[in-house]
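1. A structural model of the following input is requested.
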Amino acid sequence: MNGGSYLLLFILFIVASLASMGVKSTFNRYHKIRNMRNMTGAEAAEAILRHNGITDVRVERVRGYLSDHYDPRSKTIRLSEPVFDNPSIASVSVACHEAGHALQHARGYAPLSLRTMLLPAAQLGSQALWPLFMIGIVLSMPQLINIGILFFSFSVIFQLLTLPVEFNASNRAIHMMEEYGILSTEENSSAKKVLRAAAMTYVAAAAMAVGQLIRMLMMSRSSD
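-> Numbering: from 1, shown residues only. Next up is the predicted model:
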């Protein structure tokens with residue numbers, strides 16, 4: 001593996017770190033600003049569901065910081081403690097984004113369906129990559145190395161599929177917050193900043209996954 005490849009991976013790591021810092025900084029900034037309707041994150045998510053006639057999705061509190069997510073298997077929107085009960089612009093933005101995922105699920109949004117189907121393979125790929133790769137190198141068995149890389153490729157595809165899913169959920173959230181009067185026009189501008197910062201973390205994660213795959217392929221060639 002040449003120096004240029006190491007430099008690329010280092011740059012991707014820096015970008016990912018900056019993206020993570022950026023979303024935390026932006027969230028914390030707008031988490032301190034109460035929205036005009038004094039609506040909490042949970043209330044905003046429930047409003048989105050109600051306006052779209054979705055009655056089979058629950059909104060629950062979950063521990064953690066920015067651990068918010070939508071689980072399509074149980075049809076549950078899980079909002080972190082800073083989001084669930086807080087009436088800030090940031091909390092409502094994040095909650096409506098997760099409600100956007102619920103709407104994707106209800107409307108049969110194809111990239112979300114594909115990502116959900118790929119999740120088990122992606123998780124297996126992340127776990128199996130290094131054991132198979134290292135055993136393959138130690139035992140001089142390129143077949144194991146190739147299997148490890150093949151498994152990891154599912155994780156890369158999962159990360160790439162995540163991009164349209166997340167961007168679409170944010171676009172839905174922005175549109176619905178404005179259409180349903182959840183946030184004012186000025187507040188919606190701030191919400192866009194929160195969701196844009198969050199989106200960059202997914203872009204960085206996808207870039208890191210692709211960089212890691214390239215690294216594995218180059219290491220595989222050098223071990224032949």
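2. state the distance from the spatially most central residue of the chain to M39.
-> With distances taken as Cα atoms, centre = their mean, the chain has Y202 as the residue nearest its mean C-alpha position (5.3 Å). As for Y202, its distance to M39 is 26 Å (criterion: Cβ to Cβ, to the nearest Å). The way it works is simple: take the backbone N, C-alpha and C, and place the C-beta from them, glycine included.
3. quick one: contacts for the residue nearest to the centre of the chain?
-> When contacts are counted by Cβ atoms under 8 Å, 6 or more residues apart in numbering, Y202 is found next to 159, 162-163, 166.
4. from I89, how far off is it?
-> For Y202, the distance to I89 - Cβ to Cβ - is 21 Å.
5. in this protein, which spans are helices?
-> Along the chain, the stretches classed as helices by DSSP state H are 3-31, 41-51, 81-84, 89-106, 110-138, 142-179, 185-223.
6. low pLDDT regions in the protein?
-> Residues of the chain meeting the criterion pLDDT under 70: 1-6, 222-224.
7. check which residues of stretch 162-173 are buried.
-> The neighbour-count criterion (16 or more other Cβ atoms under 10 Å) identifies 162, 165-170, 172-173 as the buried residues of stretch 162-173.
8. alpha carbons of that stretch, as CSV, please.
-> What follows is the C-alpha trace of stretch 162-173 in CSV, where atoms were taken according to Å, rounded to 0.1, in the frame of the first residue of the first chain:
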residue,chain,number,x,y,z
THR,A,162,-27.9,5.3,3.4
LEU,A,163,-27.1,8.6,1.6
PRO,A,164,-30.4,8.8,-0.5
VAL,A,165,-32.4,7.5,2.5
GLU,A,166,-31.1,10.2,4.8
PHE,A,167,-31.2,13.1,2.4
ASN,A,168,-34.7,12.2,1.4
ALA,A,169,-35.8,12.0,5.0
SER,A,170,-34.4,15.4,5.7
ASN,A,171,-36.1,16.9,2.6
ARG,A,172,-39.4,15.4,3.7
ALA,A,173,-38.9,16.8,7.2
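9. contacts for it?
-> By Cβ under 8 Å, 6+ apart, the residues outside stretch 162-173 that reach it are 48, 93, 96-101, 103-104, 109, 111-112, 115, 191, 195-196, 198-199, 202-203, 205-206.
10. one more time with 7 Å, if that's ok
-> 93, 96-97, 99-101, 103-104, 109, 111-112, 115, 195, 199, 202-203, 206 (Cβ atoms under 7 Å, 6 or more residues apart in numbering).
11. likewise stretch 55-71?
-> Here stretch 55-71 has contacts from 27, 42, 45-46, 49, 75-84, 94, 98, 101-102, using Cβ under 7 Å, 6+ apart.
12. CA atoms only for that stretch, dumped as CSV, please.
-> In CSV, the C-alpha atoms belonging to stretch 55-71 read as follows (Å, rounded to 0.1, in the frame of the first residue of the first chain):
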residue,chain,number,x,y,z
THR,A,55,-51.3,5.2,13.2
ASP,A,56,-49.2,2.1,13.6
VAL,A,57,-45.8,3.8,14.5
ARG,A,58,-44.8,4.4,18.1
VAL,A,59,-42.7,7.3,19.4
GLU,A,60,-40.4,6.2,22.3
ARG,A,61,-37.7,7.7,24.4
VAL,A,62,-34.2,6.0,24.2
ARG,A,63,-31.1,6.7,26.1
GLY,A,64,-28.1,8.3,24.6
TYR,A,65,-27.0,11.5,22.8
LEU,A,66,-28.1,11.8,19.2
SER,A,67,-29.0,8.1,19.2
ASP,A,68,-32.3,8.9,17.4
HIS,A,69,-33.4,6.5,14.8
TYR,A,70,-36.4,4.8,13.2
ASP,A,71,-36.7,1.0,13.4
